[in-house]
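# Following is a predicted model, sequence given first.
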Amino acid sequence: MRRLLRQYLPDRDTIHRNPWLRPFENSLLHPRLWQLNRRSAAGAVAAGLVCGLIPGPLQMPGAALCALLFRINLPLALVTTLYTNPVTIVPLYLLAYQLGRWLLGEQGELLLPPAFDATQFVAWTQGMQDWMLATAHPLAVGLLLLATVLGVIGFFTVHIAWRLNLLRQQRRRRSSRSA
C-alpha cells in the first residue's frame, strides 16, 4: 500500500524546490509530515475528509493545518480533500442540511432559494439573504455531523485496509517460504 501511495504523492524535495513554499520550509519539511505509515495515513485521510467539507478555497489550507498540528501525512491529507468538487459538493451539502434538520427536529418542506429575477435584483438579494440565514443553522449542524462521521469512517477504513494488506503480505511470504 505504501508503494502505491508513494507513486501519486509528492515528495519532500518537491516542497524544498518550490520557491513559494520556502518561507514555510521549517514547518513543512518536518519528517513526520512525510512518513507514510498506518497511523499517519489514517489520520491524513480523516483530516482530508473533514476538511473537504469546509466551504470554498479553504479546504486544502485546513487540511495542511491539521497535518501540521497532528503531524500526519501532509500530501495525503491534501489529496483527500479532492473528494469534494463541483459535482459532489451540492449533494454533500444537501445531505448535511437534511441531517441538520433531522437533528434539530425541524419539520416541513425543504427551503429552496428564491428564483433569480434580474428585474427585481434588490428583492432577490434580500430573499437570498433570508434563505441563507434560514438554512445556516441546520447546515452548520449537519456539516459538523457529516464531517465527523466521514472522518471516523475514513480513519477506521484506512486502519482496517492497512491491516488486511499486511496480513495478505504475511500469507504470501509464508506460502513462498513453504514452497
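Right, received. Where do you want to start?

# contacts, neighbours, all on C-alpha from now
Will do.

# now that we're looking at Gly48, how far away is Leu145 from it?
15 Å (CA to CA, to the nearest Å).

# quick one: contacts for Arg38?
Arg38 makes contact with 158-159, 162 under the criterion CA atoms under 8 Å, 6 or more residues apart in numbering.

# what's the answer for Val45, then?
76-77, 80, 151, 154-155, 158.

# Would you map the helices across this protein?
2-8, 12-17, 25-28, 38-51, 59-70, 74-80, 89-104, 121-178 (DSSP state H).

# just those helices: most buried one?
helix 38-51 (a mean of 27; mean count of other CA atoms under 10 Å).

# Could I get the pLDDT score of Asp11?
As predicted, Asp11 sits at a pLDDT of 69.

# Got phi/psi on the residue nearest to Leu33 when sequence neighbours are not counted?
Computed as CA to CA, 6 or more residues apart in numbering, the closest residue to Leu33 that is not its neighbour in sequence is Asn73, at 4.6 Å. Asn73 adopts backbone torsions of phi -60, psi 110, taken as degrees, to the nearest 10.

# So Asn73 sits against Leu29, correct?
No: using CA atoms under 8 Å, Asn73 is not in contact with Leu29; the gap is 11.1 Å.

# More neighbours: which of these two?
Asn73 (27 against 16; other CA atoms under 10 Å).

# gap between the more buried one and Leu53?
From Asn73 across to Leu53, the span is 19 Å (CA to CA).

# now swap in Leu65 and tell me
15 Å.

# still on that earlier bit, now that we have the helices of the chain, can you turn them into JSON lines and tack on distance to Leu111?
Shown next, in JSON lines, are the helices of the chain (distance: least, CA to CA, whole Å):
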{"stretch": "helix 2-8", "distance to Leu111": "42"}
{"stretch": "helix 12-17", "distance to Leu111": "45"}
{"stretch": "helix 25-28", "distance to Leu111": "43"}
{"stretch": "helix 38-51", "distance to Leu111": "26"}
{"stretch": "helix 59-70", "distance to Leu111": "26"}
{"stretch": "helix 74-80", "distance to Leu111": "31"}
{"stretch": "helix 89-104", "distance to Leu111": "10"}
{"stretch": "helix 121-178", "distance to Leu111": "7"}
